[in-house]
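Colleague: Predicted model, plus sequence, below.
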Amino acid sequence: MTSSSDRPLLRVENLRTVFPLADGREAAAVDGISFSIGRGETLGLVGESGSGKSVAALSIMRLVLPPGRIAAGRVELDGRNLLDLAEPEMRRVRGRRIGFVFQEPMVALNPVYTIGYQIAETLKVHGLARGDNARRRALELLQAVRIPDPERRAREYPHQMSGGLRQRAMIALAIAAEPELLIADEPTTALDVTVQAEILDLLREMRRAFSLSLLLITHDLAVVAEMADRVAVMYTGRIVEKARADVLFADPAHPYTRGLLTSIPSGESGARLQAIPGNVPGLGQAPAGCAFAPRCRERFDPCTTTRPELIPVGLDHTACCLLHDPAHALRATATEGRR
Amino acid sequence: MPLVEVRRLVKEFPARGGWLSGRPPVRAVDDVSFAIEAGETFGLVGESGCGKTTTGRCLLRLVEPTSGEILFGGTDVLALSGRELRKARRNFQIVFQDPYSSLNPRMRAGAIVEEPLAIHKIGSPGERKARVGELFELVGLDPADAAKYPHEFSGGQRQRIGVARALALEPSFIVADEPVSALDVSIQAQVVNLLLDLQKRLGLTYLFIAHDLRLVRQICNRTAVMYRGRLIEVAAADRIFTAPAHPYTKALLSAIPHLKPGDRLERIPFPAANFRPLPLREINAGHFAAV
């Protein structure tokens, strides 16, 4: 048995979450993904809408609503498989050991209670503080997330706050019970760029102050570049590339990652944007072989028939692409030669 | 002569609680002036609530301005009424941000694109059908899909329907209000490229309203930065990025996340209390700033 210090805080293994389709078949929104997050580490989980990144987050928290269900896999928090826990036990994990920050704080915050009350209530539910202690701690937390005039703000309802303040309140709520892992799903997507910058600064500060591990889910590679130590890129429910952040941005191995990076405006005046042709296939509509093949500029014969698996392409760097599979790469070069 | 010229545009909205509240009206657009040359893409950037969308809508008179002039090819569109206004409107159209809510879900895609033609009584039903087919092809949609409903299309395709509808009356000027910000990155590039291609082919002039500063830099000829209802800087798009003059522009640029891990620039804060509503002045040839 490994000691708890060199064991990753979160280890997700072959996680598979399925939803029924109208025709009775089941389709995997999350299709066998594996990753781990070390203590104090930030993993960026990147993907476009329909990639399965949010379902992955919900699955880790066991908040997938029926008829969706987790069909297979393990979600180990500090060595314990969360998928084996009874619901009351899981409830003690949510909030207490894993905190969540969602894209839209208006949905996650309760509109009929004041911010101060919601934080104090969280502390009470987890048995961390009650009464005046809880109220005092709530004020400290609002101060920690740099909400000005915390005494007044604690008495406000979510709708009375601006988007940026609400997101701060949401972060205060998420870290109230001092979780070890924070899952943030598009935490800055609804915000203006200057407010986004402030919230990212705040997340960085909280990460340091509370030694948090962070699972940052986003469609925005620039946010990942700013925040993440390691990155996993998702496409149609699968992780197609995993690497250290600096490696991924400097030397992306999967054509989809390369496409995402080049479709971001370079800011070069007058240049055309490099689009990825086509659309992300809907749930259950991914083609056989590589799901990205129809949109891929670099596809070759086996891509439409052979389903690629994640294989190492460098140090701590894996990609799910036949171009990097020695068994197929030779043929790719041969096809290239014929053209 | 510029194609579009906006002079001292003001739009006030009643304060919360109405006039009985005793609060002064809110100036969403506060003394805004700019001109757009034919064939140009003019960017209007700023954060939510700065008045950029209201400005765009005032230009099309979708929102009635409180005061000011909007000259379109030399004619003041604010002085037009009834039939004249309807006729003038054929020349300026809008593409909305949200391709999910801006298309009528009960209408077939073909009917959505045909509607402006029908309203302006252009062509026979048969001619209109043919024109819809042309427009579908123009924006990269399959004319056979004209019978489908909006929900059967992806976000990017829906925005193409919105573009086809805006082009139906062969306008010369299009207000594109955050036309790609609701789309995924890889799809954004497709729609932006479509807008650029159409501009080249049809000689269109764009007012491009956006918050994505990188995108604005890449596709706009000139850019105006808006803050609290006022233009605070106007210059060639590249110039705004390489030599920003207004402290708010500097703050905005410093907030853009960088694409290189570990390469984070120092953020420049801009406390709202520092803002002074100064007039724009030319600080360099073609570079105006409210400093």
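Modeller: Done, it's in.
Colleague: Just the mean pLDDT for stretch A:238-249, thanks.
Modeller: The predicted model assigns stretch A:238-249 a mean pLDDT of 96.
Colleague: Alpha carbons only: can I get that stretch in PDB?
Modeller: Listed in PDB are the C-alpha atoms of stretch A:238-249, where the atom choice follows Å, rounded to 0.1, in the frame of the first residue of the first chain:
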ATOM      1  CA  ARG A 238     -13.100  10.600 -24.300                       C
ATOM      2  CA  ILE A 239      -9.800  12.100 -23.300                       C
ATOM      3  CA  VAL A 240      -7.900  12.600 -26.500                       C
ATOM      4  CA  GLU A 241      -4.700  14.200 -25.100                       C
ATOM      5  CA  LYS A 242      -3.100  14.600 -21.700                       C
ATOM      6  CA  ALA A 243       0.000  16.500 -20.900                       C
ATOM      7  CA  ARG A 244       1.800  19.000 -18.800                       C
ATOM      8  CA  ALA A 245       0.300  22.400 -19.600                       C
ATOM      9  CA  ASP A 246       3.600  23.900 -21.000                       C
ATOM     10  CA  VAL A 247       4.100  20.700 -23.200                       C
ATOM     11  CA  LEU A 248       0.500  20.700 -24.500                       C
ATOM     12  CA  PHE A 249       0.700  24.400 -25.600                       C
END
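Colleague: quick one: low-confidence parts of the stretch 1-150 of chain B?
Modeller: Applying pLDDT under 70 to the stretch 1-150 of chain B flags no residue at all.
Colleague: residue of it with the smallest distance to chain A?
Modeller: Using C-beta to the nearest C-beta, the single residue of the stretch 1-150 of chain B nearest to chain A is residue B:47, 3.9 Å away. Every residue, glycine included, has its C-beta placed from N, CA and C.
Colleague: count of residues packed around the closest residue to that residue other than its chain neighbours?
Modeller: In this structure, residue B:47 finds its nearest non-sequential neighbour in residue A:192, 3.9 Å apart by C-beta to C-beta, 6 or more residues apart in numbering or on different chains. The number of residues packed near residue A:192 is 20, by other C-beta atoms under 10 Å in any protein chain shown.
Colleague: Please look at residue A:192 and residue B:211 and confirm they touch.
Modeller: Yes: applying C-beta atoms under 8 Å as the test, residue A:192 and residue B:211 come out as touching, 6.8 Å apart.
Colleague: ok, back up a step: tell me who's in contact with the residue of the stretch 1-150 of chain B closest to chain A.
Modeller: Applying C-beta atoms under 8 Å, 6 or more residues apart in numbering or on different chains to residue B:47 gives the contacts A:192-195, B:211, B:227, B:252.
Colleague: Secondary structure element holding residue A:205?
Modeller: Element membership of residue A:205, judged by DSSP states H and E, is helix A:193-209.
Colleague: Sheet-wise, list the partners of the very next helix or strand once past that helix with their directions.
Modeller: Beyond helix A:193-209 in the direction of the C-terminus, DSSP H and E gives the next helix or strand as strand A:213-218. Strands that pair with strand A:213-218, judged by DSSP bridges, come out as strand A:42-46 (parallel), strand A:181-185 (parallel).
Colleague: Please tell me how far the residue nearest to residue B:47 sits from residue A:281.
Modeller: 32 Å (C-beta to C-beta, to the nearest Å).
Colleague: do the same with residue A:294
Modeller: 8 Å.
Colleague: which residues are common contacts for these two?
Modeller: With contacts defined as C-beta under 8 Å, 6+ apart, the residues shared by residue A:294 and residue A:281 are residue A:287.
Colleague: Quick one: name the residues of the stretch 51-200 of chain B near chain A.
Modeller: Taking C-beta under 8 Å from any C-beta of the partner chain as the criterion, the stretch 51-200 of chain B approaches chain A at residues B:154-157, B:184-190, B:192-193, B:196.
Colleague: Repeat the analysis, applying 6 Å as the threshold.
Modeller: On the criterion C-beta under 6 Å from any C-beta of the partner chain, chain A has as its neighbours in the stretch 51-200 of chain B the residues B:154, B:184-186, B:189-190, B:192-193.
Colleague: Which one of those is nearest to residue A:49?
Modeller: Minimum distance to residue A:49 across these is 5.6 Å, recorded for residue B:184 (C-beta to C-beta).
Colleague: wait, what's in contact with that closest one?
Modeller: A:48-49 (C-beta atoms under 6 Å, 6 or more residues apart in numbering or on different chains).
Colleague: Residue A:28 contacts residue A:15, doesn't it?
Modeller: No: taking contacts as C-beta atoms under 6 Å, residue A:28 lies outside contact range of residue A:15: 9.9 Å.
Colleague: Quick check: the gap between the residue of the stretch 1-150 of chain A found nearest chain B and residue A:193.
Modeller: The shortest separation between the stretch 1-150 of chain A and chain B is 4.0 Å, found at residue A:48 (distances taken as C-beta to the nearest C-beta). From residue A:48 across to residue A:193, the span is 20 Å (C-beta to C-beta).
Colleague: in which helix or strand would I find residue B:34?
Modeller: Under DSSP H and E, the secondary-structure element containing residue B:34 is strand B:26-36.
Colleague: where do the strands sit along the chain?
Modeller: Defaulting to chain A. In chain order, chain A shows strands spanning A:10-20, A:26-37, A:42-46, A:69-77, A:80-81, A:98-101, A:181-185, A:213-218, A:230-235, A:238-244, A:311-314, A:317-319, with DSSP state E as the criterion.
Colleague: my bad, chain B
Modeller: In chain order, chain B shows strands spanning B:4-13, B:26-36, B:41-45, B:67-72, B:75-76, B:92-95, B:173-177, B:205-210, B:222-227, B:230-236, B:281-284, B:287-289, with DSSP E as the criterion.
Colleague: In JSON lines: those, plus distance to residue B:125 and mean neighbour count.
Modeller: Shown next, in JSON lines, are the strands of chain B (distance: least, C-beta to C-beta, whole Å; neighbours: other C-beta atoms under 10 Å in any protein chain shown):
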{"stretch": "strand B:4-13", "distance to residue B:125": "33", "mean neighbour count": "18"}
{"stretch": "strand B:26-36", "distance to residue B:125": "36", "mean neighbour count": "20"}
{"stretch": "strand B:41-45", "distance to residue B:125": "35", "mean neighbour count": "26"}
{"stretch": "strand B:67-72", "distance to residue B:125": "30", "mean neighbour count": "18"}
{"stretch": "strand B:75-76", "distance to residue B:125": "32", "mean neighbour count": "13"}
{"stretch": "strand B:92-95", "distance to residue B:125": "22", "mean neighbour count": "23"}
{"stretch": "strand B:173-177", "distance to residue B:125": "26", "mean neighbour count": "25"}
{"stretch": "strand B:205-210", "distance to residue B:125": "31", "mean neighbour count": "25"}
{"stretch": "strand B:222-227", "distance to residue B:125": "42", "mean neighbour count": "25"}
{"stretch": "strand B:230-236", "distance to residue B:125": "45", "mean neighbour count": "24"}
{"stretch": "strand B:281-284", "distance to residue B:125": "53", "mean neighbour count": "12"}
{"stretch": "strand B:287-289", "distance to residue B:125": "50", "mean neighbour count": "21"}
